[in-house]
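Peer 1: for reference, the sequence and a predicted model appear below.
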Amino acid sequence: QQRGGGKAACRPPAGGAPLFLPPSVVWSHPVKAKHAAAILLAACASSALATDESPLVRPAFQVIDDYTIVVEGVTYNSWTDLAKSGYFDTEETHCLARPSQIAGPARGSATDCNFNNTSIESQYDPSNGLIRIPVVVHVIQNSSGTGFISESRVQSQIDVLNEDFQAIAGTNGANGTNTQFEFFLATEDPDGNPTNGITYSTNNSWFNDSGSYWNTLAWDTDRYLNIYTNSASGALGYVPDLPQGGIAGSNADRVVVLYSSFGRNAPLTPFHLGRTTTHEVGHYLGLYHTFDNGCGTSSCYTTGDRICDTNRENSPTFGCPGSRTSCSMPAPLDNYMDYSDDICMEKFTPEQANRMRCTIEHYRPDLASESSGNEPCSPADLVAPFGTLDFSDVTAFLLAFSGGAPQADLALPIGEFDFSDIVAFLGLFSSGCP
């Protein structure tokens, strides 16, 4: 156990500086104290994430199956029991993303959204058009089948991404900002073959987040968002680095999510509503944690999380508190880039949307394209001519609704077709094309 203001250090990767756990990670809670060694190993693992090396496999964390999770010799009989133990209530076991702060080459003039600065510009405003991002999900399981995720659960995660990034009415993300990003499972693989956008692999090493699996499995990372589900090195998820660090376009460019927190109604309560993936995709699109770099100063575009419309925060929010104060102001505990429980997360801010769209333009220019006349401009744009909403879309919705087709399932609860879906469609239709 660490005491006072001391810091625990782990051996750095070759050529790197020692990685220190900050004084804020002091395990006075008796449950957390017994995980101290595991958490220190997690911190060591995170120091490898900004490289092309696999995160260190942590012997303190082992998934046998969904009913046998072993941490520091203690066996938990469910993911919920592990969550209740407080294991995920640290920075080092929640999200392992640690921006390298070493700037990589920009593909354009990227000073508007580099590591050190955000400039809010009208050219990055969501009103400029819908950006559609093709996704491939690589589901990795072990030899006993642990880690398997059904196609329907994968699709549910894509649905949650769109609810959160588009602030769709009637969903948990409705109070946020419509960033005008749309995610969809790829329909064509890198060789031009039809696909459902999901791959399945059985490999014990890969399931343990080892073995440089991305060099085998990655689809062209310039053109696809590659998401991998496995044990995520004992964290809820991570990205190896922000795209500003130069990782974009390499095989290692990826989002990794703990399989038990992936998708809607995932096994790991309270991280069961798909918000881990929303959080990690926020990193993938250039966002810091709301608490990264501490309170910062009044120069909020160059300090803290480089965003001015997120309240300053010097440490993460855990759980789902009714309120919390940090840096002498209310903490942004409802923001997707904090560490709150899934049910409490509900928004990106307008300036976070601006930075993400800047990141796409300058660091991921080949990943996505703005909606054109050949693509739907909205979930209400159901039939050609695309790019405009008219009576044919209303007719198509009514037919889809009466037939129980997924295009008409626009509001919670997913899988049920009721009046809330009609209200959601009318709201989208009334908003028109962006």
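Peer 2: Nice, thanks for sending it over.
Peer 1: strands of the stretch 1-150 of the chain, residue ranges please.
Peer 2: For the stretch 1-150 of the chain, the strands defined by DSSP state E, counting those that start in this stretch cover 8-10, 19-21, 61-65, 68-71, 74-76, 131-141.
Peer 1: do you know the pLDDT at the spatially closest residue to Ser260 that is not a sequence neighbour?
Peer 2: Closest residue in space to Ser260, ignoring its immediate chain neighbours: Leu268 at 4.1 Å, by Cβ to Cβ, 6 or more residues apart in numbering. For glycine as for every other residue, the C-beta is placed from the backbone atoms N, C-alpha and C. At Leu268, the model reports a pLDDT of 97.
Peer 1: residue closest to the middle of this structure?
Peer 2: Among the residues of the chain, Glu280 comes closest to the average C-alpha position under Cα atoms, centre = their mean, at 2.3 Å.
Peer 1: thought the residue nearest to Ser260 was touching Thr80?
Peer 2: Yes - the pair formed by Leu268 and Thr80 meets the contact definition of Cβ atoms under 8 Å, at 7.0 Å.
Peer 1: please say which of the two ends up with more neighbours.
Peer 2: Per other Cβ atoms under 10 Å, whichever of Leu268 and Thr80 has more neighbours is Leu268, with 22 against 16.
Peer 1: follow-up on the earlier one: and the residue nearest to the centre of the chain, what element?
Peer 2: Element membership for Glu280, per DSSP states H and E: helix 275-284.
Peer 1: in the stretch 1-150 of the chain, which ranges drop under the pLDDT threshold?
Peer 2: Applying pLDDT under 70 to the stretch 1-150 of the chain picks out residues 1-59, 100-109.
Peer 1: so how far is stretch 412-422 off the chain centroid?
Peer 2: How far stretch 412-422 lies from its chain's middle: 25 Å, per Cα atoms, centre = their mean, to the nearest Å.
Peer 1: alpha carbons only: can I get stretch 166-180 in CSV?
Peer 2: The C-alpha atoms that make up stretch 166-180 are tabulated as CSV, following Å, rounded to 0.1, in the frame of the first residue of the first chain:
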residue,chain,number,x,y,z
GLN,A,166,-26.2,12.0,-32.9
ALA,A,167,-28.1,12.8,-29.6
ILE,A,168,-31.1,10.9,-31.0
ALA,A,169,-34.4,11.8,-29.3
GLY,A,170,-35.8,9.2,-26.9
THR,A,171,-32.4,7.6,-26.2
ASN,A,172,-29.9,8.0,-23.3
GLY,A,173,-27.9,10.3,-25.5
ALA,A,174,-30.7,12.7,-26.3
ASN,A,175,-29.4,15.5,-24.1
GLY,A,176,-26.0,15.7,-25.8
THR,A,177,-24.8,17.4,-29.0
ASN,A,178,-25.5,16.0,-32.4
THR,A,179,-22.0,15.7,-33.7
GLN,A,180,-23.2,14.6,-37.1
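Peer 1: mind listing the strands for the stretch 201-350 of the chain?
Peer 2: Using DSSP E, counting those that start in this stretch, strands in the stretch 201-350 of the chain cover 225-230, 237-238, 255-258, 325-326, 329-330.
Peer 1: JSON lines for those strands, including distance to Thr303, mean neighbour count and mean pLDDT?
Peer 2: Converted to JSON lines, the strands of the stretch 201-350 of the chain look like this (distance: least, Cβ to Cβ, whole Å; neighbours: other Cβ atoms under 10 Å; pLDDT from 0 to 100):
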{"stretch": "strand 225-230", "distance to Thr303": "29", "mean neighbour count": "25", "mean pLDDT": "98"}
{"stretch": "strand 237-238", "distance to Thr303": "24", "mean neighbour count": "26", "mean pLDDT": "97"}
{"stretch": "strand 255-258", "distance to Thr303": "26", "mean neighbour count": "26", "mean pLDDT": "98"}
{"stretch": "strand 325-326", "distance to Thr303": "15", "mean neighbour count": "16", "mean pLDDT": "96"}
{"stretch": "strand 329-330", "distance to Thr303": "15", "mean neighbour count": "12", "mean pLDDT": "96"}
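Peer 1: much appreciated, bye for now.
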